[in-house]
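Novice: sequence and predicted model, in that order:
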Amino acid sequence: MAVVFFLLAVMAAMGQEPHRCAACHIETVTDFQTHRHAKAGLDCGICHGASEKHRTSVGAVPPDQVAAPAEVSKLCGNCHLAEKQQYEASAHGRVYTNGKKVKTANCNTCHGHHAMRPWAAQVENCQRCHTTLPASCKATPAAVNSRVACMSCHARHTLAVSSR
Ligand code: HEC
Ligand code: HEC
Ligand code: HEC
Ligand code: HEC
Ligand code: HEC
Ligand code: HEC
């Protein structure tokens, strides 16, 4: 709590209005400031709605909108249509419709909810679920310009292996 009041005091001292969700979600608000979404002028409301009753009821009323894991690609697809279509046709996206009861990756599993998951942490993230990989994955990757090693061979959203 002390940290919250300290941060609010700092923001006030800098002449900034405290963010309307900060009183209870300071960590999320701070994380979100680092995302390109915040820099592009987007805010919590694009994914959670105005959530005015939630705010004033101190969380007793749920936020207007909270996407379940299976709904995340639809939410993001409002602005990232190509990625949504590629993802939903991929092995990851199909898990939500083929009835298999396994944990799959959605947009936020890879990209993070509020702060972007750093590219450098992606391979480790993939290996949480893909503990054993075929030998082909250890071959020398094709010279593709990619920020994530696995994506030197697998297309980032379709996962298709590129022909070399
Ligand atoms: C006065 C306190 C308070 C304010 C202000 C507040 N929240 Fe919350 N919020 C809560 C509480 C309490 C919970 C439930 C406990 C938790 O998950 O941390 C919660 C949970 C949430 C959740 C998770 C809900 C779920 O089903 O998992 C979201 C999303 C959320 N808040 C969004 C917002 C947004 C967006 C704002 C600003 C418009 C906001 N909150 C402002 C208190 C608040
Ligand atoms: C681009 C979409 C997006 C934006 C913008 C966004 N959120 Fe979220 N948020 C989500 C998703 C998706 C979840 C995960 C819901 C679930 O558990 O399935 C989530 C979860 C949460 C939770 C639950 C705890 C957690 O971290 O998982 C809180 C609290 C929350 N958001 C608050 C906020 C606040 C406050 C803002 C603005 C500073 C914000 N969100 C902006 C998409 C967004
Ligand atoms: C209201 C429109 C909108 C929604 C909804 C939205 N985004 Fe974005 N997204 C943007 C904009 C605008 C940018 C910034 C584009 C730029 O700066 O070139 C962006 C950028 C990104 C980036 C690129 C970040 C980078 O550093 O290159 C990722 C990843 C991303 N969004 C993921 C998501 C995910 C995941 C969701 C769903 C949880 C989502 N977006 C929902 C509009 C949106
Ligand atoms: C399996 C992990 C994974 C999933 C799931 C995923 N992405 Fe990505 N995404 C990546 C990686 C890795 C990159 C960067 C690729 C690179 O630079 O090599 C990326 C790049 C992006 C970018 C930046 C622009 C670009 O195309 O390079 C956006 C925007 C984006 N993803 C949105 C989404 C959305 C929206 C979803 C869900 C519909 C999604 N992603 C699902 C891993 C994923
Ligand atoms: C939360 C778990 C999870 C994470 C994290 C995850 N995956 Fe997956 N992945 C799955 C599941 C589940 C399947 C589908 C398996 C099936 O259909 O039997 C899959 C399938 C795949 C496939 C097979 C594609 C095909 O067409 O057969 C590839 C390639 C893949 N993932 C790559 C990645 C990469 C690269 C990352 C990290 C950027 C990643 N995955 C992160 C769960 C995950
Ligand atoms: C040098 C290229 C290359 C790299 C790098 C690579 N893969 Fe693969 N991957 C392949 C090829 C080719 C296949 C399909 C042939 C096969 O199954 O042997 C494949 C298949 C897969 C499959 C499907 C396995 C199955 O049993 O159906 C998964 C999951 C996968 N890769 C995940 C990953 C992950 C996670 C990474 C990063 C840690 C990665 N790959 C890096 C080339 C690569």
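Specialist: The structure has been received and is ready for your questions. Source: prediction; values computed, not measured. Ligands and ions are numbered 1, 2, ... in the order given.
Novice: C-alpha from now on. contacts and neighbour counts both.
Specialist: Noted.
Novice: checking whichever residue of the chain sits closest to ligand 5 next. Helix, strand or coil?
Specialist: For the chain, the residue closest to ligand 5 is Cys126, as judged by C-alpha to the nearest ligand atom, at 3.5 Å. In terms of secondary structure, Cys126 is helix; the call rests on DSSP: H, G, I helix; E, B strand; the rest coil.
Novice: what is the neighbour count of it?
Specialist: Taking other C-alpha atoms under 10 Å as the neighbour definition, Cys126 ends up with a count of 14.
Novice: likewise the one 10 residues further on?
Specialist: Look at Ser136: counted by other C-alpha under 10 Å, it has 9 neighbours.
Novice: that one and Cys129, how far apart?
Specialist: Computed with C-alpha to C-alpha, to the nearest Å, the distance linking Ser136 and Cys129 is 18 Å.
Novice: cool, Val148 as well?
Specialist: Val148 is 16 Å from Cys129, where distance means C-alpha to C-alpha.
Novice: which one's more surrounded, the two?
Specialist: Val148 (16 against 12).
Novice: what's near enough to touch the closest residue to Ala105 other than its chain neighbours?
Specialist: Take Ala105 and drop its neighbours on the chain: the residue closest to it by C-alpha to C-alpha, 6 or more residues apart in numbering is His92, 5.8 Å away. Under the criterion of C-alpha atoms under 8 Å, 6 or more residues apart in numbering, the neighbours of His92 are Thr104, Ala105, Asn106.
Novice: and Ala50, what helix or strand is that in?
Specialist: Taking DSSP states H and E as the criterion, no element holds Ala50; it sits outside all helices and strands.
Novice: does the host helix or strand of Glu27 come close to ligand 2?
Specialist: Secondary structure here is read from DSSP H and E; on that basis Glu27 sits in helix 22-33. Yes - counting by C-alpha under 6 Å from any ligand atom, ligand 2 has neighbours in helix 22-33: His25, Thr28, Val29, Phe32.
Novice: would you agree the last one is in contact with His114?
Specialist: When you say that, I think you mean Phe32. Yes - assessed by C-alpha atoms under 8 Å, Phe32 is found in contact with His114 at 4.9 Å.
Novice: alright, I will stop here.
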